[in-house]
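Q: Have a look at this fold, sequence not included:
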Ligand SMILES: O=C(O)CCC(=O)/C=C/C=C(\O)C(=O)O
Ligand SMILES: [Fe+2]
């Protein structure tokens with residue numbers, strides 16, 4: 001029973017622009033169950049597919065995919081800053097497998113990751129100190145141009161082949177929202193000072209970070225209060241995605257053109273690529289089944305928020321060691 005899966009939405013607005021208490025409690029309960037699933041599985045390695053929001057990857061060099069052989073959390077949105085416990089050998093193994101199968105991943109010996117990785121890891125494991133060894137795999141989900149979504153499936157399958165043997169328990173994690181379109185800047189529309197920020201790496205001071213984060217929280221508050229400046233969440237799109245992933249028919253979503261994701265789910269719906277990669281990794285073990293699937297659209301968090309866990313078919317009970 002070597003592979004298990006957790007895929008969750010993330011939102012940096014959790015705790016900053018909350019929905020009514022009962023909604024937050026319900027989501028937190030779903031996340032706590034996913035955390036229980038992850039800890040019961042007791043992984044010896046966590047392969048986490050995550051996006052970035054121009055904190056770690058900039059247009060200076062923007063790879064479609066990057067395997068982190070060492071990684072540091074930038075500490076955005078109040079998350080802990082500092083190094084993550086990366087298994088460097090496992091990262092190189094994944095990179096070799098991906099490259100051998102024609103998926104041209106970059107490798108970083110000094111990867112910076114933001115809430116797109118760290119929040120989800122903490123949902124599942126509580127703190128950086130409690131994390132098992134991880135391999136963070138960046139999937140570009142915001143910086144156009146993007147390749148076709150099916151490439152995320154090929155990346156995930158490479159991860160499944162790299163780690164699908166019986167020798168260790170590996171949890172694959174997808175981190176990203178379903179339908180959502182928070183105000184993440186886009187190069188094509190950016191004024192020069194924003195284009196500069198999206199292009200060149202530099203230290204972001206606490207004042208600038210706080211200002212950006214406050215702007216995002218204010219936008220979410222306006223969205224929840226009914227502002228029509230933002231694209232609506234789309235529960236139908238979200239259901240279609242969750243159904244396709246649960247049924248194993250990944251082509252039902254990853255064969256769609258990029259414009260479909262934007263039209264139906266908003267620009268950040270490309271984060272679904274992280275889920276596609278994680279489910280594709282699990283699929284290399286044969287048929288799988290979803291253990292739990294939770295969904296709720298939460299405008300205060302700018303997110304069609306979902307939490308799913310899955311194991312290979314026949315291992316549903318075995319997932320609880
Ligand atoms: O802070 C910024 O510059 C951009 C805002 C941002 O990063 C928002 C991120 C939102 C998500 O990660 C999400 O909803 O998936
Ligand atoms: Fe995100």
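A: Thanks, I have it. Everything numeric here is computed off the predicted structure, so don't read it as measured data. Numbering: from 1, shown residues only. Ligands and ions are numbered 1, 2, ... in the order given.

Q: Under the pLDDT cut-off, which ranges of the protein? List them.
A: For the chain, applying pLDDT under 70 flags the ranges 1, 316-321.

Q: which parts of it sit against ligand 1?
A: By Cβ under 6 Å from any ligand atom, the residues of the chain that approach ligand 1 are 10-12, 53, 116, 177, 180, 182, 184, 212, 216, 268, 271, 302-303. C-beta coordinates here come from the backbone N, C-alpha and C atoms, glycine included.

Q: how about 5 Å then?
A: 11, 53, 177, 182, 184, 212, 216, 302 (Cβ under 5 Å from any ligand atom).

Q: now those: which count as buried?
A: Those of those that meet the buried threshold are 11, 53, 177, 182, 184, 212, 216, 302, by 16 or more other Cβ atoms under 10 Å.

Q: And for the fourth one, nearest residue in space, chain neighbours not counted?
A: This points to residue 182. Closest residue to residue 182 apart from its sequence neighbours, by Cβ to Cβ, 6 or more residues apart in numbering: residue 302 at 4.1 Å.

Q: What separation do you get for that neighbour and residue 11?
A: 6 Å (Cβ to Cβ, to the nearest Å).

Q: Give the full set of residues in contact with the closest residue to ligand 1 within the stretch 1-150 of the chain.
A: At 3.4 Å from ligand 1, residue 53 is the closest residue in the stretch 1-150 of the chain, using Cβ to the nearest ligand atom. Residues near residue 53 by Cβ atoms under 8 Å, 6 or more residues apart in numbering: 76, 114, 115, 116, 142, 184.

Q: In the residues you listed, find the pair that's most separated.
A: Largest separation among the contacts of residue 53 by Cβ to Cβ: 76 and 142, giving 14.3 Å.

Q: Do you have the helices of this protein handy? List them.
A: 21-41, 88-100, 115-125, 150-163, 192-199, 206-224, 235-247, 251-254, 258-265, 272-283 (DSSP state H).

Q: Tell me which of these sits most buried.
A: helix 272-283 (a mean of 29; mean count of other Cβ atoms under 10 Å).

Q: In strands, which of the residues of the chain next to ligand 1 appear?
A: Counting by DSSP state E, the residues of the chain next to ligand 1 place none of their members in strands.

Q: Out of those residues, name the two that are farthest from one another.
A: Going by Cβ to Cβ, the pair spanning the residues of the chain next to ligand 1 furthest: 177 and 212, at 18.4 Å.

Q: need the contact list for the residue nearest to residue 182.
A: Counting by Cβ under 8 Å, 6+ apart, residue 302 touches 11, 13, 177, 180, 181, 182, 219, 220, 223, 230.

Q: go with 7 Å
A: 11, 13, 180, 182, 220, 223 (Cβ atoms under 7 Å, 6 or more residues apart in numbering).

Q: count of neighbours near the second one?
A: Neighbouring residues of residue 13 were enumerated by other Cβ atoms under 10 Å; the total is 24.

Q: how far away is it from residue 257?
A: Separation of residue 13 from residue 257 (Cβ to Cβ): 29 Å.

Q: Pull the contacting residues for the nearest residue to residue 133 once chain neighbours are set aside.
A: Distances taken as Cβ to Cβ, 6+ apart put residue 87 closest to residue 133, at 3.8 Å, once the chain neighbours are dropped. Contact partners of residue 87, counting by Cβ under 7 Å, 6+ apart, are 45, 133, 134, 135.

Q: Which of the residues you listed fall in strands?
A: Reading strands off the contacts of residue 87 with DSSP E, I get 45, 134, 135.

Q: ok, what's across the strand from the second one?
A: Beta-bridge partners for residue 134, by DSSP bridges, are residue 46, residue 86.

Q: and the gap between it and residue 45?
A: Taking Cβ to Cβ, one finds residue 134 at 7 Å from residue 45.

Q: Looking at these two, which one has more neighbours?
A: residue 134 (26 against 18).

Q: pretty sure that one contacts residue 43?
A: No. Using Cβ atoms under 7 Å, residue 134 is not in contact with residue 43, being 9.3 Å away.

Q: Now do the end-to-end distance for stretch 69-80.
A: 19 Å (Cα to Cα, to the nearest Å).

Q: buried sites along it?
A: In stretch 69-80, counting by 16+ other Cβ under 10 Å, buried: 69, 71, 72, 73, 74, 75, 76, 77, 79.

Q: No further questions, thank you.
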